[in-house]
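[1] Structure of the sequence below:
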Amino acid sequence: MDVVNHTSENSGGLTHLRQDGTAQMVDVSQKAVTTRVATATATVRSTPAVLALLGAGELPKGDALAVARVAGIMAAKKTPDLIPLCHPLPISKVTVDFELDTDSIGILATVKTKGVTGVEMEALTAASVAALSVYDMIKAVDKHAVLTDIRVLAKSGGKSGDWDVSGVSTPREAGE
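    Alright, predicted model coming up:
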């Protein structure tokens, strides 16, 4: 696994560490307010029979996708309560969508805000909690289901510009 060292322009070190090595919440007060969007994904792998029940809304616990969608939306709003150094953000939109396949269900969470810091963590939290909720709903019929492939797919807004998993990065112009 490659370790990525994202450094602070001001301190020359990791952004969430003070010079003495202790944790800090990054000061974002000087950053420009921009529209920021992030999309993350998670996958739940299970058996074709269980996924058929899931898709038909016939699981013993009920409509898992409706529950997972609401769980993901709620989780995005609670991200700073779960991830200690995340800033509370005025989230303007959260969507959680599902793509059912024969051996898995893909979860796609998109979060939007107009603020001074990105919403990647909120999108990751939404996708992860939606996946956990799906697992909770199917565990009565498949205790061996697996949660996997949790990652950010794309982000836009802010000084660092737009990015997606294809590796395409579009830097922002000064003042945007």
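[2] For stretch 48-56, buried residues please.
    Neighbour-count burial for stretch 48-56, with 16 or more other Cβ atoms under 10 Å as criterion, is recorded at Val50, Leu51, Leu53, Leu54. The C-beta positions use only the backbone N, C-alpha and C, and glycine is treated the same way.
[3] List the contacts of the closest residue to Pro60 other than its chain neighbours.
    In this structure, Pro60 finds its nearest non-sequential neighbour in Ala140, 5.1 Å apart by Cβ to Cβ, 6 or more residues apart in numbering. Residues in contact with Ala140 (Cβ atoms under 8 Å, 6 or more residues apart in numbering) are Leu59, Pro60, Lys61.
[4] if I pick the first one, what's in contact with it?
    In other words, Leu59. Leu59 sits next to Val50, Leu53, Met137, Ile138, Ala140, Val141 when contact means Cβ under 8 Å, 6+ apart.
[5] Just checking, which helix or strand of this structure averages the lowest pLDDT?
    Between all helices and strands in the chain, the lowest mean by mean pLDDT, DSSP states H and E belongs to strand 169-170, at a mean of 66.
[6] just to revisit the earlier point, taking the buried residues of stretch 48-56 together, which two end up most distant?
    The span of these, defined through Cβ to Cβ, is set by Leu51 and Leu53 at 7.3 Å.
[7] Can you spell out which helices and strands pack onto the helix or strand Ile107 falls within?
    Assigned by DSSP states H and E, Ile107 belongs to strand 104-115. Applying 3 or more Cβ pairs under 8 Å, 6 or more residues apart in numbering; DSSP states H and E, we find strand 104-115 packed against strand 34-45, helix 48-56, helix 64-77, strand 91-100, helix 120-138.
[8] what distance separates the fourth one from the middle of the whole chain?
    Taking Cα atoms, centre = their mean, to the nearest Å, one finds the center of strand 91-100 at 10 Å from the center of the full chain.
[9] Pairing partners for that strand, with directions?
    Sheet pairing of strand 91-100 (DSSP bridges) gives strand 104-115 (antiparallel).
[10] so the strand it pairs with versus helix 120-138, what angle?
    Counting by axes from the mean of the first three to the mean of the last three Cα atoms, to 10 degrees, strand 104-115 points 150 degrees away from the direction of helix 120-138.
[11] mind listing what the residue nearest the centre of the chain touches?
    For the chain, the residue nearest the mean C-alpha position is Leu124 (1.4 Å; Cα atoms, centre = their mean). By Cβ under 8 Å, 6+ apart, the contact list for Leu124 reads Ala40, Ala109, Ile150, Arg151, Val152.
[12] Okay then, goodbye and thanks.
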